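Trainee: Everything below, folded, please.
(one chain, ligands or ions: 2)
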Amino acid sequence: MTSAIFDRIETLPLLSRTPLEWAREALAEPMELLIDHAFLERKAANNALELLTKWPGDWTPGWVETMAGVARDEAAHLALVTRMVVRRGGRLDRVHKNPYANALRLLVRKGQVWEALDRLFVSALIEARSCERFAVLARAAEDEELSRLYGGLFASELGHYKVFLKMARKVAKKTAVDERWSEMLAAEARILDEQPPGPRIHSGVRSRRRETEPVLT
Ligand SMILES: [Fe+2]
Ligand SMILES: [Fe+2]
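Mentor: Ligands and ions are numbered 1, 2, ... in the order given. Okay, here's the model as predicted:
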């Protein structure tokens, strides 16, 4: 199953790819990774609930149903991941930071249509990157339960990425959507590359950073 998922990464429009070394390193601290993941699911549920009443203009058909459906899925993922955390003897912290998502949110422009469009794009980007990372984690995990968890979430997050993009195409003209989406994809790859490495779903890649660091003599 994991190789079929791994092959589907190619269909994602992301401008950078995560090497297996990133996953092996992140999986060295599986509990930290699970706790970070649980918080991301909570934030994804919150984000969908927040967007639920933020359609631009008078009404956007399908908007409310889409956001309610995403929130329901993310709450189910949160329950799944937190059960695994607790069963393995871990606990959630009270606070969590995600500098990757925060940097993406800074790209959101003001103004009803632009704000809605950019928020949909930020949501789609986070879903697409999470999807890519889950596929790499599913392939790299030697712990079968973790491999199944990541592989199982892949399809759901892929579906979310697609519905956020579909909604974006409903709220603005095609040329504006395509142009902004290209800009956002480039920004996402840059922002991810700036992240420090560590056991987090949206962390940076240590080996790549090492290669690009200047050699001190
Ligand atoms: Fe999720
Ligand atoms: Fe999702």
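Trainee: Give me the nearest residue to residue 131, chain neighbours excluded.
Mentor: The spatially closest residue to residue 131, leaving aside those adjacent along the chain, is residue 157, at 4.3 Å (C-beta to C-beta, 6 or more residues apart in numbering). All C-beta spots, glycine's among them, are computed from the backbone N, C-alpha and C.
Trainee: helix or strand for the one you found, which one?
Mentor: helix 144-171 (DSSP states H and E).
Trainee: Wondering if that helix reaches ligand 2 at all.
Mentor: Yes. Under the criterion of C-beta under 5 Å from the ion, ligand 2 is reached by helix 144-171 at 157, 160.
Trainee: who does the helix or strand following that helix touch, helix- and strand-wise?
Mentor: Once helix 144-171 ends, the next helix or strand along the chain (criterion: DSSP H and E) is helix 174-193. Packing partners of helix 174-193 (3 or more C-beta pairs under 8 Å, 6 or more residues apart in numbering; DSSP states H and E): helix 99-105, helix 112-140, helix 144-171.
Trainee: could the ones you listed be laid out in TSV, adding mean neighbour count and distance to residue 33?
Mentor: Below are the helices and strands packed on helix 174-193 laid out as TSV (neighbours: other C-beta atoms under 10 Å; distance: least, C-beta to C-beta, whole Å):
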stretch	mean neighbour count	distance to residue 33
helix 99-105	17	14
helix 112-140	23	8
helix 144-171	18	8
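Trainee: Any chance of those helices in CSV with distance to residue 35 and mean pLDDT as columns?
Mentor: Shown next, in CSV, are the helices and strands packed on helix 174-193 (distance: least, C-beta to C-beta, whole Å; pLDDT from 0 to 100):
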stretch, distance to residue 35, mean pLDDT
helix 99-105, 16, 98
helix 112-140, 15, 97
helix 144-171, 13, 96
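Trainee: Quick one, which of those gets closest to residue 204.
Mentor: Among the helices and strands packed on helix 174-193, the nearest to residue 204 by C-beta to C-beta is helix 99-105 (8.8 Å).
Trainee: is ligand 2 contacted by that closest one?
Mentor: No. For helix 99-105, no contact with ligand 2 is found by C-beta under 5 Å from the ion; the gap never falls below 12.4 Å.
Trainee: and for that helix, what are the contacting residues?
Mentor: For helix 99-105, the external contacting residues (C-beta atoms under 8 Å, 6 or more residues apart in numbering) are 43, 122, 125, 126, 187, 188, 191, 192, 194, 195, 202, 203.
Trainee: ok, 7 Å please
Mentor: Outside of helix 99-105, the residues within contact range by C-beta atoms under 7 Å, 6 or more residues apart in numbering are 43, 122, 125, 126, 188, 191, 192, 195, 202.
Trainee: Over to stretch 19-35?
Mentor: 81, 84-85, 88, 90, 92-93, 136-137, 139-141, 143, 146, 197, 199-200, 203, 205-207.
Trainee: What of stretch 82-96?
Mentor: Contact with stretch 82-96 is made by 31, 34, 35, 38, 39, 149, as judged by C-beta under 7 Å, 6+ apart.
Trainee: repeat for stretch 141-153
Mentor: In this structure, residues lying in contact with stretch 141-153 by C-beta under 7 Å, 6+ apart are 1, 2, 5, 27, 30, 77, 84, 134, 137, 138.
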